[in-house]
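Colleague: Need a 3D model of the following:
(chains A and B)
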Amino acid sequence: MASLSDRLRRLRSASPEPPAPEGPPGGAESEGSDAGARPSLAERLRCLDPVRRRTPSRQAPDESALADALGAEIVAPGVLRLQRRWPLVRRHGRCGLKDCAAAMPYLLAPAADSAQGSSTAPAATTAASLATTSPATWAFIDTETSGLAGGTGTWVFVCGIARLCGDALLLRQWLLTRLDAEASMLRLLAEELVQTSLLISYNGKGFDLPLLTTRFRLAAGPDTPVPALDAIAHLDLLYPVRRSFARCWPDCRLSSVEQRLLGFTRIDDMPGAEAPAAWLDWLRRGDGGRLGAVLRHNRLDLISLAALVPALVRVEQEPAAHGADVGAIARGRLQRGDAVGARILLQSAAPTLPSADLLLLATLYRRSGLWPQALSLWNRLAAADEPAALEALAKYYEHRQHDPRQAMVFARRLPAGPERTRRCDRLGKKVRHQVSLPLL
Amino acid sequence: MTGETAQSGREGAGVERLLSGFRRRYSGRITGELAMPALPARFAPLPDDLHPRLREALMARGLNRLYSHQRAAWDLAREGRHLVAATPTASGKTLCYNLPVIDAVLSRGAKALYLFPTKALAQDQVAELTELNHWPGAGDGGLGIKAFTFDGDTPGDARKAVRTRGDIVLSNPDMLHQAILPHHTKWAQFFESLAFIVVDELHSYRGVFGSHVANVFRRLQRICRFYGAAPRFIFASATIANPAELASRLVGEPVAAVTDSGAPRGARHLLLWNPPVIDPDLGIRASARSQTTRIARAATKAGLKNIVFARSRLMVEVITKYLKDVFDRDPRRPPRVLAYRGGYLPSERRATERALRAGRVDCVVSTSALELGVDIGALDVAVLNGYPGTIAATWQRLGRAGRRNRPSLGVLVATSDPLDQYMVRHPEFFLGASPEHARIHPDQLLILMDHVRCAAFELPFQDGEGFGADCREDIAEMLAYLRDEGVLQRQGGRWFWVADSYPANAVSLRSVAEGNFVVIDIGEGRQTIIAEVDYSSAPGTLYEGAIYMVQSQPYQVERLDWVGRKAFVRKTRADYYTDAIDYTRLKILERFERRPLGAEPGAEAPARARAAVAQGEVHLVRRYPGYKKIRYYSHDNIGYGNIDLPDQEMHTTAVWWQVHPQALEQALPNRERAIEGFLGAAYALHHVAALRVMAEIPDLGRAVGDGQGSWFAVVGNDGRGQLRGPDNEPLDMGAPAADRFQPTLFLYDNYPGGVGLSGPLFDAAPELVQDAIGLVSACACTAGCPACVGPVLSGDEQPAHDRNRGPNQGPKAMALTVLGLLRAPAADRDNGPADEARPMPAAGGQNGDSTTH
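Modeller: The predicted structure is shown next:
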């Protein structure tokens, strides 16, 4: 029988072997002698095509040399840890980090009580208590992975965690240098996460945390408890960024946020997509040359996360100045029960607002009894046949002015449908009723 | 028809009346008949240890006892055995698995995974479970069993609930393979409590699909071990010859079978129906379609609910139209005739199913889509337009009639295909033979490699770890191969996945994937994917210029992106369809086994063998030089086109027959006749072989050549056998040297690497040749026809006009001569296992060769 690689190559339709002579059926035969001994691994490898023949070196990569080169320490066999401090006053683009802790409570409120926090076990009730926890128990988290494919075959090989620690951001990064040391790394991470009351990430809900959960589950085996990452409150900054900028920016990637909001442009940064290859270079050939760049990239992500917290609060306060979506932020204020704040915000940006936001503003006017302002907005929108404005006007004339004829003028302009029919029918009755009144 | 007749139809006399009418008027068309008496039910008590709430629910439903096979299944499940329930359609198979599963859910919070080959069946079953949940007696909240489907349609936000809260999750093997196993950590809770894996429609897990699924199960069991679970498998199957064997091949462990049905059965009649010959010389018969329509019409008029099975979607539409023209002329009335097939919207199919269950429809015309266990209620008559290809599928379809303990009628109408003609002319083959063996080949190298890759992604392999209890390949060697490919890394005795890819996405369970082609409609200014074609059939169907049909709408292929696996098509109104011309060259690479033929028993001297049959590995080159344009209805050939595609090469396994040159010379007048004989014999053998191995015709290929690729034989455009050289150039018949002229007849496995079809063919070679002789000799034609040796020229009908031909030298006679040479010695045959299946001379077979003894 041929070797595995030969057989696979044949099945995948490479060129045929020279023909095996087939004697006439009458000829003498030696049955069953064709099955030869299997060739050695080396022989089979030689048969592989040249690309694949580049046999990876099998010598164990030198971990301590790598630790020295990176300025890291070996905290367990196969696990390196790197620590750096970043002073809060230092500039990161246009921004500093010193308002980070003070700004956090403002971001936490909407995060905890809206649907976007669905995977966060503690709900609105704990939002307030979270804001009072020590900032040292908050953890900014970001991982580097062996790919984006997802599933059980994707590794977390760098996990970075940053904490506010006095006047600095303390950055810690764990790097996996041996595949069979994953359990050790995860144990160290679990210890670190136990002391955490709040996780702050960018797209961590969709990516980093599910992946970490998968790794914990895989390393645990049956009947071993898996750290309940789900139970830790989690602020994923992607959501407020998306809310404020999805309609204004082409994309909401962290690099876009850095450029557009933080005024920070990375120089000589390794693109995240190259991280897997850098790690594979190390695993396969002991070449850790590019791992330093991976770690630097990860640290910049963490610093941007911390800088993003006060920056987002500034956006909330002055959305127009930051080119943010005023309507979306007004709705955020409304969700938080700040109707006046929402109205003031919309009012200030009214000339540039799309009709959906103007309708919201009109509604806010109506709720506050500011009818003339509401009417003027509705009329402006009704001129463009905006159905919601037509409907609001029809309601206004029917119920507030008791003028079904005028209401009918607007109702007739509504788009055809059961809603319009119903409304017109009712108004028609009222008109006839009014006509008949004087006869009574 | 009077009301009285319709009334008696409900009593069962309607079937008898229809039957006797057929016998009276069409006795010449009925070539075989089988009557199976009614069988009474056999019961067994409810198990004592049944969970009380389940017992109450059953009792409240009037189920205070079980059919004997349901009880047998319970007892086996109770013993912790894997089991398969293989009993007829409508015998209450679902209770065989629902009972132990629901009991386990109620009494120990166990979980179960149900797998169905299609999404629709899973949705059906969820409806059934929901109903069972709310049986009276189950209490106010029902039994509280939470059953959810998990398939491509399950919305993202519902998936978490399915994973964490479902007691029973109903899915399909493809989802298990691509979505569940690669994300098993998300299912950790589910796997930890997984007690049962239910696999319904076991019989559909054969061939390539079955081989893939066996490997998916190896992966599944590996994941279950990781979570400390050892679930039991419960299979349910339609009747096949080897349910326990197939099931145990799928799970790699012994599986106990429950095959003795205790369900009652009404009397059943089965007619084999051959359309009348309308041109005896050409062997042309009336169309099966016209006969099928006639039978369905008669049944509908007699007030009998009936189902018509057609083999293609197009045929479903045609028959439906003909029947609607009779019964649904008034558009204001609800339709009496409905069509049902794949390609219809699910909502439309559900509506048809409901109408059928409620008895609002008199006749339904369907493809195999209704063959699987979709619940459509009781019917009286099943008409099969053409032999479905396997005995098991035939019974499955016939089983659609006669669900309610009352007489039923099945009619199998033969088309002019050789298989059909063989079946109707050898009723004993069909009526007496057991259904086919369903075979799988889990260790097929490419398939196995794909799944070892997926398994390595899911969990690291440990040194020394195997893959399935019964895998014969060396897993360590495969892991090393994957390491050299760069996807695995070995460390600390474990093999870790390190590549940035998701291997399950590259593996389709429905083929030996080399990447499927998508068919993209570029009409109307946008690109819409309208179909998917698997790699091996792409070159023959998606060449530039080809007409490709979707729901009988013709599209023309404008451009084929071979590397990108895309065919760009546009709607067309062409009045023709296209048929690719292909030729195949085979070269024998390695022979595994060989058996001489024709030697006297006991005579060991190989020199006396006049022929031999062998099996082994072959290299195959298939080239598509061009295609024919064929006009609809008239089937005229109206033109040719060129195909510019790379040669398709593959290694696969084959069985082949060779005749000693001397014996050939003695038996056949010249090379032309010999080649024709071989081509005809190959045609007949191909068709009977597909029967034997429960394969579809395209799963097997046939070829005639010299075994070393120096020449091969084809049927030319003139209907004559021709020799071609390695580059398809015509060769003179005299070209091969005398000692090189050794025609070889190949039947090969039409998948790269083979899926295990050639081994059984080699073992059954004597029976195959015998069956082929039966097929050809009993054919009603004089010189050969598409029903026996393949299309022949009409000139061959008049041997006198052919100066080269003696009186008995038509293609048919030549094929019989060749088959005679390939026949095993008498002693082998008489002792062989083939005796029971050996065909007998058919009624009316004029020129029957001495095929019986």
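
Colleague: Show me what from the stretch 151-300 of chain A comes close to chain B.
Modeller: Near chain B, the residues belonging to the stretch 151-300 of chain A are A:151-155, A:178-180, A:210, A:213-214, A:217-218, A:221-223, A:226, A:276, A:280, A:283-284 when assessed by CB under 8 Å from any CB of the partner chain. Heads up, the C-betas are built off the backbone N, CA and C, glycines and all.

Colleague: try 10 Å
Modeller: Along the stretch 151-300 of chain A, the residues adjacent to chain B under the rule CB under 10 Å from any CB of the partner chain are A:151-155, A:157, A:178-182, A:210-211, A:213-218, A:220-223, A:226, A:273, A:275-277, A:279-280, A:283-284.

Colleague: For chain A, what is the nearest residue in the stretch 501-650 of chain B?
Modeller: Per CB to the nearest CB, the residue of the stretch 501-650 of chain B with the smallest distance to chain A is B:A612, at 3.5 Å.

Colleague: sec struct for that residue, please.
Modeller: Using DSSP: H, G, I helix; E, B strand; the rest coil, the three-state assignment for B:A612 comes out as strand.

Colleague: do B:A499 as well
Modeller: What three-state DSSP gives for B:A499 is coil.

Colleague: OK, contacts around the closest residue to it other than its chain neighbours?
Modeller: Sequence neighbours aside, B:V487 is the residue nearest to B:A499 in space, at 4.0 Å (criterion: CB to CB, 6 or more residues apart in numbering or on different chains). B:V487 sits next to A:153, B:453, B:456-457, B:481, B:495-501, B:503 when contact means CB atoms under 10 Å, 6 or more residues apart in numbering or on different chains.

Colleague: Just among these, which is most surrounded?
Modeller: With neighbours set by other CB atoms under 10 Å in any protein chain shown, the maximum within the contacts of B:V487 is found at B:W497, which has 29 neighbours.

Colleague: Which residue ranges of the stretch 301-440 of chain A form helices?
Modeller: A:326-335, A:339-349, A:355-367, A:371-382, A:387-395, A:404-412, A:418-436 (DSSP state H, counting those that start in this stretch).

Colleague: Save the ones you listed as JSON lines, and put in mean neighbour count too.
Modeller: As requested, the helices of the stretch 301-440 of chain A are arranged in JSON lines below (neighbours: other CB atoms under 10 Å in any protein chain shown):
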{"stretch": "helix A:326-335", "mean neighbour count": "20"}
{"stretch": "helix A:339-349", "mean neighbour count": "18"}
{"stretch": "helix A:355-367", "mean neighbour count": "19"}
{"stretch": "helix A:371-382", "mean neighbour count": "17"}
{"stretch": "helix A:387-395", "mean neighbour count": "20"}
{"stretch": "helix A:404-412", "mean neighbour count": "19"}
{"stretch": "helix A:418-436", "mean neighbour count": "13"}
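
Colleague: Burial check on B:D151, number of neighbours?
Modeller: Number of residues near B:D151 (other CB under 10 Å) recorded here: 17.

Colleague: show me the contacts for it.
Modeller: Under the criterion of CB under 10 Å, 6+ apart, the contact list for B:D151 reads B:116, B:118-120, B:122-123, B:170-172, B:174-175, B:179.

Colleague: run the last query once more with 8 Å
Modeller: Contact partners of B:D151, counting by CB atoms under 8 Å, 6 or more residues apart in numbering or on different chains, are B:119, B:122, B:171-172, B:175.

Colleague: B:V126 looks like it's in a helix, true?
Modeller: Yes - under the criterion used here (three-state DSSP), B:V126 sits inside a helix.

Colleague: That one contacts B:T149, doesn't it?
Modeller: Yes - at 5.2 Å, B:V126 counts as touching B:T149 under the criterion of CB atoms under 8 Å.

Colleague: Counting neighbours, go ahead and name the busier of the two.
Modeller: Neighbours per residue (other CB under 10 Å) separate B:V126 from B:T149, with B:T149 holding more: 24 against 17.
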